[in-house]
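Novice: Below are the sequence and a predicted model for it; my questions follow.
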Amino acid sequence: MKTDIQNISFTYRTKEVLKELSFSIAEHEAVAVLGPNGAGKSTLLKCMNRILDLKQGSILIDEVDIYRLSRMEIARKMGYVPQQNQPARLTVFDAILLGRHPHITYTLSRKDILIVNAIITRLHMEELSLRYMDQLSGGELQKVSIARALVQEPGLLLLDEPTSSLDLKNQIEILSLIRSITKGHDVSVIMSLHDINMAIHYADRIIFLKDKQIFAICSKDDINTEIIYEVYGVEVTIHHTADYPIIIPAQY
């Protein structure tokens, strides 16, 4: 599924948050959105999912404007994982099954159960399936949220800071999972992140937001010290390894 963002702006009451953003997401592509706090990363994802209504511009899914789609049709095409997920007294299986809601008409079908089981197996969550959500760690909860989004069978996953509050091991596990999803499923991903080095390692392209607008869109090989300084106001050096550049803050 191809997604096109065309000249979108968003205003919260009288405060302009996003101004004239345009970019595209290709099939099987993972895009990271970076920028300082308050740059509009979460707002962008909510606008893309029509949780928030645009002031201007268009969001096209395979050339169809999302404002021509019903909420249920959007849910079949996009899976959204917010920053915070409150654990409920549900089993992991039942929590993931809730993601099938956009496809269920009158009653639960055998196909719905098979899809849930397939995602649980794909994400190696068999041992978690009968545990209750309020018994899980932060990393396990995040995996459940991603699994619930995947059973919607979306063409695009929108992930708002999927590694927030996770330790290093769980950050790597979640981002590796996201990366494998884009390659092993018919899914594209856009995710907001804070860690530049994680974004370089796991995303195909990076969008830098600054002052309500897109400052730069680049691959890992195009990132330079000037972009980092202009976006964050921090001087860095870039160490180039065989596979990935590494951003290192200057000593103060």
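Specialist: Right, received. Where do you want to start? Predicted model, so just to flag it, every value in this text is computed and none were measured. Residues are numbered from 1 along each chain as shown.
Novice: can you pull the buried residues of the strand or helix carrying Ala199?
Specialist: Assigned by DSSP states H and E, Ala199 belongs to helix 196-202. For helix 196-202, a neighbour-count test (16 or more other C-beta atoms under 10 Å) marks 196, 198-202 as buried. The C-beta positions use only the backbone N, C-alpha and C, and glycine is treated the same way.
Novice: residues contacting Lys77?
Specialist: Going by C-beta atoms under 8 Å, 6 or more residues apart in numbering, Lys77 touches 1, 61, 69, 154-156.
Novice: ok, now with 6 Å
Specialist: Residues near Lys77 by C-beta atoms under 6 Å, 6 or more residues apart in numbering: 61, 154-155.
Novice: who wins for neighbours among those?
Specialist: Among the contacts of Lys77, the one with the most neighbours (other C-beta atoms under 10 Å) is Pro154, at 24 neighbours.
Novice: Next, the residue lying closest to that one once chain neighbours are set aside: secondary structure please.
Specialist: Nearest residue to Pro154, sequence neighbours excluded (C-beta to C-beta, 6 or more residues apart in numbering): Gly79, at 4.0 Å. Secondary structure state of Gly79, per DSSP: H, G, I helix; E, B strand; the rest coil, is strand.
Novice: in which helix or strand would I find His124?
Specialist: Per DSSP H and E, His124 falls between elements, in no helix or strand.
Novice: Leu177 versus that one, what's the distance?
Specialist: Distance from His124 to Leu177, counting by C-beta to C-beta, to the nearest Å: 9 Å.
Novice: End to end on stretch 89-106, go ahead and measure it.
Specialist: 25 Å (C-alpha to C-alpha, to the nearest Å).
Novice: which other residues reach it?
Specialist: By C-beta under 6 Å, 6+ apart, the list of residues contacting stretch 89-106 reads 72, 75-76, 112, 116, 128-133, 144, 147-148, 151-152.
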